[in-house]
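Engineer: need coordinates for the following:
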Amino acid sequence: MKMYADERRENIYTYIKSHKRATVKQLSNYLSVTEATVRSDLRRLESENKLIRTHGGAKINENIESKLNFSYRLTQRHDEKHHISQNAINKIQPQQCIMIDASSTTYELAKLLAETSMELTIITNGLENAVLLKENPHLTVLIVGGFVSQDSNAITGNIDSQILEMYHIDYFFLSANGLTLQNGLTDFSLPEVQLKKQMVQESDKVIALIDHSKFDVSSTLSFAKLNDIDEVITNKKPNSKWLSDVPFKITIAE
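Structural biologist: The predicted structure follows:
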């Protein structure tokens, strides 16, 4: 089966992340593609600051790796994420079923939900989210996914879609690495993106919690087009093109 370019680049990134470095020849043999194709992919990945090209190959960008770490991301733009999450929790009503992803922004929402007195069912692929929420006796917590990611809060992998189909999911609260008019919501991890796509499809309403720095930023993989999104909650009014040309509501968290 032919591999799409974004899947191929994700495989290259995963391979080099695992081995720390690789040569063009190694990657060419690993993926059964030409060395010219590998060089093109390495240039693209370097432009995204994921890799550093070396003579005859590439190595992992250690600075980016540390920034992608979940613990690091929890410390970034904390106040903005908190205000966005405060707005989001006001949408939730007792007895609803909601789903939250494994992002550092929705972890702020999970912290608020951990203190709620509402009876809710919460589905998440966030390991830290589940650990936090299970302490609240008012909440029924379901965790989905498969493999635990080393650098994030996420559990990823293939899941039985019938599990999600059993529930009427009122809201899916999620975040992303970026949001553009062309690509919608994007992220960098192929397994997590595959799971998010399914979570989007199974949800009644999709609400993206995106701080202002994520607008007009695109990562490698798209998991939700603009028409898949019902609302974006952010902390600052975005560029004027976003206010007249999108099919979803934009809410500015006060």
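Engineer: pLDDT score assigned to the spatially most central residue of the chain?
Structural biologist: Relative to the mean C-alpha position of the chain, the nearest C-alpha, by CA atoms, centre = their mean, is the one of Ala176, at 4.2 Å. pLDDT, the model's per-residue confidence, is 93 for Ala176.
Engineer: hang on, it packs against Asp187?
Structural biologist: Yes - between Ala176 and Asp187 there is a contact under CB atoms under 8 Å: 5.5 Å. The way it works is simple: take the backbone N, C-alpha and C, and place the C-beta from them, glycine included.
Engineer: got any residues that touch both of the two?
Structural biologist: Applying CB atoms under 8 Å, 6 or more residues apart in numbering, one finds that Ala176 and Asp187 are jointly contacted by 219, 223.
Engineer: what about the residue nearest to the centre of the chain, which helix or strand?
Structural biologist: Secondary structure here is read from DSSP states H and E; on that basis Ala176 sits in neither a helix nor a strand.
Engineer: contact partners for it?
Structural biologist: Neighbours of Ala176 in contact, by CB under 8 Å, 6+ apart: 103, 185-187, 208, 210, 214, 219, 223-224.
Engineer: and Ile250, by the same measure?
Structural biologist: Remark: with contacts taken as CB under 8 Å, 6+ apart, Ile250 is in contact with 231-232, 234, 238, 242-243.
Engineer: give the buried residues for the strand or helix carrying Phe172.
Structural biologist: Element membership of Phe172, judged by DSSP H and E, is strand 169-174. Within strand 169-174, the residues scored as buried using 16 or more other CB atoms under 10 Å are 169-174.
Engineer: partner strands of it and their direction?
Structural biologist: Listed by DSSP bridges, the sheet partners of strand 169-174 and their directions read strand 97-100 (parallel), strand 203-209 (parallel).
Engineer: hey, C-alpha coordinates of the first one in CSV?
Structural biologist: Listed next in CSV are the C-alpha coordinates belonging to strand 97-100 (Å, rounded to 0.1, in the frame of the first residue of the first chain):
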residue,chain,number,x,y,z
CYS,A,97,-21.3,12.8,28.4
ILE,A,98,-18.3,14.8,27.4
MET,A,99,-15.0,13.9,25.9
ILE,A,100,-11.6,15.6,26.4
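Engineer: what helices and strands are in contact with the following helix or strand past it?
Structural biologist: Sequence order places helix 104-113 as the next helix or strand after strand 97-100, per DSSP H and E. With contacts defined as 3 or more CB pairs under 8 Å, 6 or more residues apart in numbering; DSSP states H and E, the secondary structure elements packing on helix 104-113 are helix 70-74, helix 78-89, strand 97-100, strand 120-124, helix 127-133, strand 169-174, strand 203-209.
Engineer: make CSV from those and add distance to Thr37 to it.
Structural biologist: Shown next, in CSV, are the helices and strands packed on helix 104-113 (distance: least, CB to CB, whole Å):
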stretch, distance to Thr37
helix 70-74, 32
helix 78-89, 39
strand 97-100, 37
strand 120-124, 37
helix 127-133, 36
strand 169-174, 32
strand 203-209, 33
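Engineer: mean pLDDT for those: which is lowest?
Structural biologist: Among those, helix 70-74 scores lowest, with a mean of 57.
Engineer: run through who's touching the longest helix seen in the chain.
Structural biologist: Among the elements of the chain assigned as helix by DSSP state H, the one spanning the most residues is helix 5-19. The contact list for helix 5-19 (CB under 8 Å, 6+ apart) reads 3, 22, 27, 30-31, 33, 37-38, 41-42, 44-45, 50-51, 58-60, 65, 188-190, 220-221.
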